[in-house]
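Asker: Mind folding the following:
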Amino acid sequence: MKITLKALASVLAIVSVLVISSCGGDSNPEPSIEDQQLAKLSATWTISDVTLDGVNKKSDYPTTFQLLISGTAGATSFGYTAGPLPANRPAYSPWPASGTWAFGANPETQIVRDEAKPADKKDLTYALSADGTKLTISFDFSGTGYPARTSNVTGAWVFTFTK
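Answerer: Numbers count the residues shown, from 1 in each chain. The predicted model follows:
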């Protein structure tokens, strides 16, 4: 009987070790920084303020001007639509009607817009409010504006949007 109890105790000890060691980590790993930021940015943002070289240009933008940001978690390229309707767009803008974007070197503050189109490629800096309802995007623009009116769009732009 002693041999049987010893054998049983040994088997139980081995099974216990196996059960405890098989308890792995979290089966739902934390999303990447890019995926977390994409979730925060993916929305329809409505313009609340815009400046060009520090001069207020809000009156040039219809109150219906929106920036729609979208994408799929895990992807490296995402989409945007600015306007989205022609009636929602200003006479001049540093924003094409639509395009693609990707995260820059720091996904928490940097976006590269239209990287695949060298003539339209722009490095943008963004900031989100703590509650996620305000998005500020700033960038320097030179080149042909949309529609093509270069003289009116060259300079340092700051766009503020709200959800």
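
Asker: my guess is residue 126 meets residue 112, correct?
Answerer: No: with contacts defined as CB atoms under 8 Å, residue 126 does not count as touching residue 112, sitting 11.3 Å away. From N, CA and C alone the C-beta is placed, and that goes for glycine too.

Asker: Start from the N-terminal end of this structure and give the helices.
Answerer: For the chain, applying DSSP state H gives helices covering 2-22, 33-41, 150-153.

Asker: Quickly list what the closest residue to residue 117 other than its chain neighbours is bridged to.
Answerer: Once flanking residues are discounted, residue 117 sits nearest to residue 99: 7.2 Å by CB to CB, 6 or more residues apart in numbering. Counting by DSSP bridges, residue 99 is bridged to residue 80.

Asker: Compute the distance between residue 152 and residue 110, please.
Answerer: Using CB to CB, to the nearest Å, one gets 26 Å for the distance from residue 152 to residue 110.

Asker: low pLDDT regions in the protein?
Answerer: Applying pLDDT under 70 to the chain picks out residues 1-26, 144, 147-151.

Asker: Partner strands of the strand ranked longest in the chain and their direction?
Answerer: Ranked by residue count and defined by DSSP state E, the top strand of the chain is strand 43-52. Strand 43-52 sits in its sheet next to strand 55-56 (antiparallel), strand 66-70 (antiparallel), strand 155-162 (antiparallel), going by DSSP bridges.
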